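In: Sequence and predicted structure, then a few things I'm wondering about:
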Amino acid sequence: MSKREGEILGHPKGLFVLFFTEMWERFSFYGMKGLLIYYLVRYHLFTDTNGNLLVGSYAALVYAMPVLGGYLADKYLGFRKAVTFGAILLVLGHLGMAYEGHAAEMVDGVVKRDGTALQVFYFSLSLIVMGVGFLKANISSIVGELYEKQDPRKESGFTIFYMGINLGSLLATIVCVWLGEEYGWAYGFGSAGIGMLLGLLVFISGKKHFMGKGEPKNPAILQEKVAGIISRENLIYLLGFLGSFIVWQMIQRHSVVGGLLLGSGVISLIYIGWEASKLDKIGRDRLIALTILILFSVVFWALFEQAYTSLSLFSERALDRNVFGMELKPGQVNLFNALFIVLFAPIFAWIWNKLSKVNANPNTVIKFSLSLIFAGLGFGALVIGGNVSGTEKVAFIWIIFMYMLHTFGELCLSPVGLSSVTKLSPTKIVGFMMGVWFLATAGSEYIAALLANIASIDHSGDEAASLAVAKASYMNLFEFLLYTGLIAGAVLLLLSPLVKKLMHGVK
């Protein structure tokens, strides 16, 4: 077989199967997530504080669970089976979200909620959490396996894959958010479930293009009977489903989620240290460098993930959403991040490739530093917009600038970070380290919710917070996030020579 057979645009065909699978999975995920804070605050009459914490706890669990999913895929299932099982759980969870129940009411100053609808909602979220746990890290790992360890196409391959993520996000923000706000929450959440079903069908039908990658390392172990009753493979699936019942309870207890994240982080660092102790100097140094990058990624995502809490509520309360005579739904403002990813991802991929040819491509550490600086500057744009708007709502152009800068930051960090995990990790724990990457994101999601509460405006019923109070609260938060991004970026920039040395030639 010639080298070019089985390729599209110079990349394996399997990359594009994964592209469309991830596109539909992200369509379902971001379609639901784009509606979530509004559904809680408007429909179930949660306070800003409780709504932010629930979104943070859910998002944290979503990104923490890939540690477990990555471990089980590494040791038993293989990446493909793990992704398939995760996708099935996601379909069930997203379709469960379509059950609305009755809207909450304010009766004699007390909020009366539909308890059954809320429990169905919480359990649906738990199925999504477990589904993402089995799917998210492992589908990225399959992308990495399609390329040799030092294949120069790997980074651009991950960038193309990342376009699929954001194309799904863009479609979801337009379609699911519009359906949810225009026709009812059930239509928005239900359309997200249909998207996930399409993603599952694409993945199953495209298996032949994976070139045998992502399969179990030892298939015989999966068929062994445990206690003479059930195969190990089916036992993993059963325990995965039953784990949803544990998550169901956890997602309603924010302090428990915080403790879990802290404990998981400590255990992960201990395990990384244990694995590092068994490596040679180069392998150990690379693992240390990867860990440093992962820790700094927490700061970036804590800033970036304001999009679905404080920035969503800011867009509803203090932003002029009129664009060319048309008023966007608050949840649709997020479409600019996805739109800019789709527009700029190929440009960034082209830039990195061109710079590589003249040996001028910034190393991974510099790109991470730039991502933090861009994130901070994005909030700086909103601070400027708030100052020049006086007593009026903030002009829409400023949030466009913010999303453009945040998108630049995301493109400097996320696809580069995913590629770095596969390049810097020892082969036998690639899945686990991909899970740790998402665990760090989980921690940042929880931190993001705590930061968002700096700008919480607790109100009851339909009483809207005044524009002056809303703007003051959000501007205080955004100014704090501006300086956080700039300082963190500067610190990593100073550390870049040391971290680069630890990477031993890995770009």
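Out: Perfect, I can see it now. Please read these numbers as outputs of a predicted model, since none were measured by experiment. Numbering: from 1, shown residues only.
In: Show me the shaky parts of the stretch 201-350 of the chain.
Out: 212 (pLDDT under 70).
In: Over to the stretch 401-507 of the chain?
Out: 458-465.
In: Strands of that one, start to end?
Out: Listed in chain order, the stretch 401-507 of the chain contains no strands at all (DSSP state E, counting those that start in this stretch).
In: Helices along that one, start to end?
Out: With helices called from DSSP state H, counting those that start in this stretch, the stretch 401-507 of the chain shows them at 430-452, 467-502.
In: What is the last one packed up against?
Out: Helix 467-502 is packed against helix 281-304, helix 310-317, helix 364-388, helix 430-452, with contacts defined by 3 or more CB pairs under 8 Å, 6 or more residues apart in numbering; DSSP states H and E. Every C-beta, even on glycine, is put in place using the N, C-alpha and C of the backbone.
In: Single out the most deeply packed of these.
Out: helix 430-452 (a mean of 26; mean count of other CB atoms under 10 Å).
In: Kindly export that helix (C-alpha atoms) in CSV.
Out: The C-alpha trace of helix 430-452 is given here as CSV (Å, rounded to 0.1, in the frame of the first residue of the first chain):
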residue,chain,number,x,y,z
VAL,A,430,-1.1,8.0,27.6
GLY,A,431,-4.8,7.4,28.3
PHE,A,432,-4.3,8.2,32.0
MET,A,433,-2.4,11.4,31.3
MET,A,434,-5.1,12.5,28.8
GLY,A,435,-7.5,11.9,31.7
VAL,A,436,-5.3,14.1,33.9
TRP,A,437,-5.5,16.8,31.3
PHE,A,438,-9.2,16.8,31.6
LEU,A,439,-9.1,16.4,35.4
ALA,A,440,-7.1,19.7,35.4
THR,A,441,-9.9,21.2,33.3
ALA,A,442,-12.4,19.8,35.8
GLY,A,443,-10.6,21.7,38.6
SER,A,444,-10.7,24.8,36.5
GLU,A,445,-14.5,24.4,35.9
TYR,A,446,-15.1,24.3,39.7
ILE,A,447,-12.8,27.3,40.2
ALA,A,448,-14.5,29.1,37.4
ALA,A,449,-17.9,28.7,39.2
LEU,A,450,-16.4,30.1,42.4
LEU,A,451,-15.0,33.1,40.5
ALA,A,452,-18.3,33.7,38.7
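In: got the angle between that helix and helix 310-317?
Out: 40 degrees (axes from the mean of the first three to the mean of the last three CA atoms, to 10 degrees).
In: between helix 430-452 and helix 281-304, how many degrees?
Out: 30 degrees.
In: Does anything pack onto helix 430-452? Which helices or strands?
Out: Where contact means 3+ CB pairs under 8 Å, 6+ apart, helix 430-452 is packed against helix 48-64, helix 66-72, helix 115-145, helix 254-277, helix 281-304, helix 396-424, helix 467-502.
In: From residue 372, how far off is residue 366?
Out: From residue 366 across to residue 372, the span is 11 Å (CB to CB, to the nearest Å).
In: still on that earlier bit, of all the helices and strands packed on helix 467-502, which one comes closest to residue 68?
Out: Comparison of the helices and strands packed on helix 467-502 against residue 68 by CB to CB identifies helix 430-452 as nearest, at 7.2 Å.
In: now the angle between helix 254-277 and the closest one, please.
Out: 140 degrees.
In: can you put the helices of the stretch 401-507 of the chain in JSON lines and add distance to residue 223?
Out: Shown next, in JSON lines, are these (distance: least, CB to CB, whole Å):
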{"stretch": "helix 430-452", "distance to residue 223": "21"}
{"stretch": "helix 467-502", "distance to residue 223": "42"}
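In: Figure out which of these is closest to residue 44.
Out: helix 430-452 (16.9 Å).
In: Of the helices of the stretch 401-507 of the chain, which is nearest residue 360?
Out: Between these, helix 467-502 lies closest to residue 360; by CB to CB that is 14.7 Å.
In: Which residues belonging to that closest one are considered buried?
Out: 470-471, 473-475, 477-478, 481-482, 484-486, 488-489, 492-493, 496, 499-500, 502 (16 or more other CB atoms under 10 Å).
In: just how off-centre is it within its chain?
Out: Put simply, helix 467-502 sits 20 Å off its chain's centre (CA atoms, centre = their mean, to the nearest Å).
In: so which of the helices and strands packed on helix 467-502 comes closest to residue 55?
Out: Here helix 430-452 is closest among those (CB to CB), at 6.2 Å.
In: about what we covered before: compile the helices and strands packed on helix 467-502 into a markdown table and extend it with columns for distance to residue 160.
Out: What follows is the helices and strands packed on helix 467-502, written out as a markdown table (distance: least, CB to CB, whole Å):
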| stretch | distance to residue 160 |
| --- | --- |
| helix 281-304 | 21 |
| helix 310-317 | 27 |
| helix 364-388 | 17 |
| helix 430-452 | 18 |
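In: Nearest to residue 215, out of those?
Out: helix 430-452 (13.2 Å).
In: Where does residue 359 sit: helix, strand or coil?
Out: What DSSP: H, G, I helix; E, B strand; the rest coil gives for residue 359 is coil.
In: Quick check: residue 196 vs residue 56, distance?
Out: In terms of CB to CB, residue 196 sits 23 Å off from residue 56.
In: my bad, residue 124
Out: 18 Å.
In: Neighbour count for those two, which is higher?
Out: residue 56 (27 against 23; other CB atoms under 10 Å).
In: Need the contact partners of stretch 196-214.
Out: Applying CB atoms under 8 Å, 6 or more residues apart in numbering, the contact partners of stretch 196-214 are 6, 12-14, 16-18, 20-25, 27-28, 78-80, 83-84, 87-88, 90-91, 94, 138, 141-142, 145-146.
In: ok, of those residues, which come out buried?
Out: Using 16+ other CB under 10 Å, the buried members of these are 12-14, 16-18, 20-25, 27-28, 78-80, 83-84, 87-88, 90-91, 94, 138, 141-142, 145-146.
In: quick one: which of those sit in strands?
Out: Applying DSSP state E to the buried ones among the contacts of stretch 196-214, the entries found in strands are residue 12.
In: So which of the buried ones among the contacts of stretch 196-214 are in helices?
Out: Of the buried ones among the contacts of stretch 196-214, the ones assigned to helices by DSSP state H are 13-14, 16-18, 20-25, 27-28, 79-80, 83-84, 87-88, 90-91, 94, 138, 141-142, 145.
In: how distant is stretch 82-99 from the center of its chain?
Out: 17 Å.
In: now swap in stretch 369-388 and tell me
Out: 21 Å.
In: and if you look at stretch 219-229?
Out: 34 Å.
In: before we move on, could you check phi and psi at the residue in the chain sticking out farthest from the centre?
Out: In terms of distance from the mean C-alpha position of the chain, residue 108 ranks first, at 40.0 Å (CA atoms, centre = their mean). For residue 108, the backbone dihedrals (degrees, to the nearest 10) come out as phi 50, psi 40.
In: Can you tell me how far it is from residue 49?
Out: Residue 108 is 22 Å from residue 49, by CB to CB.
In: now stretch 271-280, how far from the chain's geometric center?
Out: 28 Å.
In: ok, and the closest non-adjacent residue to residue 485?
Out: residue 376 (2.2 Å; CB to CB, 6 or more residues apart in numbering).
In: OK, contacts around that neighbour?
Out: So residue 376 contacts 303, 481, 482, 483, 484, 485, 486, 487, 488, 489 (CB under 8 Å, 6+ apart).
In: Assess the claim that residue 20 and residue 164 are in contact.
Out: Yes: in this structure, residue 20 is within contact of residue 164 by CB atoms under 8 Å, at 6.5 Å.
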